[in-house]
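Visitor: Provide a 3D model corresponding to the input given below.
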Amino acid sequence: MVKNLAGDKKQLAIAHHETSEQVEDLRQVNRELRIKAEGKEALEVEVSNLKVLLESAKQEATSMTARATALQLEKSSLETSIMELTSSTAGLRSQNSALSSLHETAKEQIRLLKATQEELETKVAKLEADLEASETARRSLHNDLQELKGNIRVFCRMRPLLTLEKSSGCEPAAISFPDAKSVEVVKVDPQTSRPKTLTFTFDKVFPSGSLQSDVYKEVSHLVQSALDGYNVCIFAYGQTGSGKTFTMEGPESVDLCTEGDQEVAGLIPRALRQIFDVSQKLQGQHWTYSLHASFLEVYNEEIKDLLVDKSNKKCSASCQLKTSKSDGAVIISNIVEVKVMSPEEIYELLSRARKNRSTGATQCNEHSSRSHSVCRLRITGTNTRSGHGCKGTLNLVDLAGSERLSKSNAEGVRLTETKNINRSLSNLSSVILALSRKDDHIPYRNSKLTHLLMNSLGGNSKTLMLLNISPVEENLGETLTSLRFASKVNECNIGTAHQNVDI
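Guide: Numbers count the residues shown, from 1 in each chain. The predicted structure is shown next:
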């Protein structure tokens, strides 16, 4: 039994040893398993991290793919642009070559143009010299032509019957115009009671249907003479109501700044417009002009300035006439003389003068001018190229109408006015007749009117008398008186006008 126990013990010892080895092996296995478990956890963490990195890498790969695609597109676009730029560069090189060729051609053309310019400048200088000579010749020929026509000329114009005259049954006088220079009047001879034809011849006649432009066409040549350096006087003569103011100024309601009204404008505004227009054109020939205007009236043997307000007694004092000792020219003192730069400026002055002029109703004319009015334009021209100069004066005169005292039935102030008007017109007649007779003494100083116009009547002027006559039978006696006086004037030779020049 002991033997058995020893054997069992031995076996138990062996078994214990084996068990210990197994336990140790298990412990070793457990340690290995723990190590593996720890390694697995680390691997799982690493796997997780790798998954994150993989996802990030995938996203980055996607982004890179998109970017690569964009870059590929950009590359394609750039390649296209490079191709286009290459083509454009080739075109520009071709254009540059062409432009270089054009530049050389242009340089040659510029050289030729400069040569042509120099040649043309030489020709222009010669043409300007020729033009200046032509203008001098034109002025001389124009003056010769005017002298051949006579330095004192007479035109005759008959106004048409007025609406009031037609409605009131006024009989028209037997006045006709057989040609452009003749007036025929048929009147009954009181001795034989038979019709008698009287013929009057003038430089030009205008029937009742004549327009303002028809009259001015014949007058414009004289206005040109004023620009050329001559004294020019144009005066309207005739009985009251014969149309003098209409001929000289136009209708009372005319607005000279309105284009439509310019068709009925009279000689004064048309002459002033011509002076301005021609002086502007002559600037191209190196002429510059200075224009000074004044407006006067002779009323009851006193000279008044029409540009001064009559209500201002201090400023409306009578103007005085003096004679220059150096050249005998008539000088007007206490006068407003305005430098004018445009037609509109002088139209405004003309309108002001017209409002200030003395008018009044008479038995012969409801709105009769009771004074002689004078529009005076002093013209000074200078040629900046040659240094030559000229001075002209244009006098445009609207005479007051003559009236027979027996017919006018004037009283008081109107009687005084009528006497002074008739006296001054009679003195004008005496002066002209004395000039025609070559008298030693010419009675200029017998009236303010003839004294004022002395330089325009005394030989050194081109003078036009524009006779206005009435078509009414009732006025035939006064019409014949005017026609006879105008005929005497037409026979006058007052001498040769002299050009006022500075050389």
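
Visitor: could you use CA atoms for every contact and neighbour count after this?
Guide: Fine.

Visitor: what sits up against the helix or strand hosting S429?
Guide: Here S429 sits within helix 412-436, counting by DSSP states H and E. Helix 412-436 has contacts (C-alpha atoms under 8 Å, 6 or more residues apart in numbering) with 299-301, 362, 370-371, 400-403, 405, 410, 441-444, 446-450, 457-458, 485, 488-489, 491-494.

Visitor: so where is the stretch 201-350 of the chain shaky, pLDDT-wise?
Guide: Applying pLDDT under 70 to the stretch 201-350 of the chain flags the ranges 256-261, 310-317.

Visitor: which of the contacts of helix 412-436 fall in helices?
Guide: Using DSSP state H, the subset of those located in helices is 405, 448-450, 457, 485, 488-489.

Visitor: can you list the residues you listed in TSV and add distance to G229 and neighbour count?
Guide: As requested, the ones in helices among the contacts of helix 412-436 are exported to TSV (distance: C-alpha to C-alpha, whole Å; neighbours: other C-alpha atoms under 10 Å):
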residue	distance to G229	neighbour count
L405	42	13
K448	25	20
L449	23	25
T450	22	24
L457	16	26
F485	30	15
K488	28	14
V489	24	22
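
Visitor: out of those, which one sits closest to E84?
Guide: L457 (90.7 Å; C-alpha to C-alpha).

Visitor: now the ones in helices among the contacts of helix 412-436 in a markdown table, with distance to I275?
Guide: Shown next, in a markdown table, are the ones in helices among the contacts of helix 412-436 (distance: C-alpha to C-alpha, whole Å):
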| residue | distance to I275 |
| --- | --- |
| L405 | 40 |
| K448 | 28 |
| L449 | 25 |
| T450 | 26 |
| L457 | 22 |
| F485 | 31 |
| K488 | 31 |
| V489 | 27 |
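
Visitor: turn the residues you listed into a markdown table, including pLDDT and distance to Q11.
Guide: As requested, the ones in helices among the contacts of helix 412-436 are exported to a markdown table (pLDDT from 0 to 100; distance: C-alpha to C-alpha, whole Å):
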| residue | pLDDT | distance to Q11 |
| --- | --- | --- |
| L405 | 53 | 195 |
| K448 | 91 | 186 |
| L449 | 91 | 184 |
| T450 | 90 | 186 |
| L457 | 78 | 185 |
| F485 | 91 | 193 |
| K488 | 86 | 194 |
| V489 | 86 | 190 |
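
Visitor: report the two of these separated the most.
Guide: Set against one another by C-alpha to C-alpha, the ones in helices among the contacts of helix 412-436 have their most distant pair in L405 and L457, with a gap of 27.9 Å.

Visitor: hang on, the earlier thing: narrow the contacts of helix 412-436 to just the buried residues.
Guide: Listed as buried from the contacts of helix 412-436 are 299-301, 362, 370-371, 400-403, 410, 442-444, 446-450, 457-458, 489, 492-494; burial here means 16 or more other C-alpha atoms under 10 Å.

Visitor: contact partners for S87?
Guide: By C-alpha under 8 Å, 6+ apart, S87 has no neighbours at all.

Visitor: helix or strand for it, which one?
Guide: Using DSSP H and E, S87 sits within helix 2-149.

Visitor: what's the spacing between stretch 80-97 and its chain's center?
Guide: 56 Å (C-alpha atoms, centre = their mean, to the nearest Å).

Visitor: scratch that, stretch 4-17
Guide: 152 Å.

Visitor: and the helices in the stretch 251-400 of the chain?
Guide: 267-281, 343-356 (DSSP state H, counting those that start in this stretch).

Visitor: for these, give me CSV that also has distance to A434.
Guide: Shown next, in CSV, are the helices of the stretch 251-400 of the chain (distance: least, C-alpha to C-alpha, whole Å):
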stretch, distance to A434
helix 267-281, 28
helix 343-356, 32
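
Visitor: picking up where we left off before, following element in sequence after the helix holding S87, please.
Guide: Next along from helix 2-149, by DSSP H and E: strand 152-158.

Visitor: backbone phi and psi for the residue most central in space within the chain, please?
Guide: Residue closest to the average C-alpha location in the chain (C-alpha atoms, centre = their mean): S342, at 8.0 Å. Dihedral pair for S342: phi -160, psi 160, per degrees, to the nearest 10.

Visitor: ok, it - contacts?
Guide: S342 sits in contact with F276, where contact means C-alpha under 8 Å, 6+ apart.

Visitor: hmm, 10 Å instead?
Guide: Shown in contact with S342 (C-alpha atoms under 10 Å, 6 or more residues apart in numbering): 272-273, 276-277, 291.
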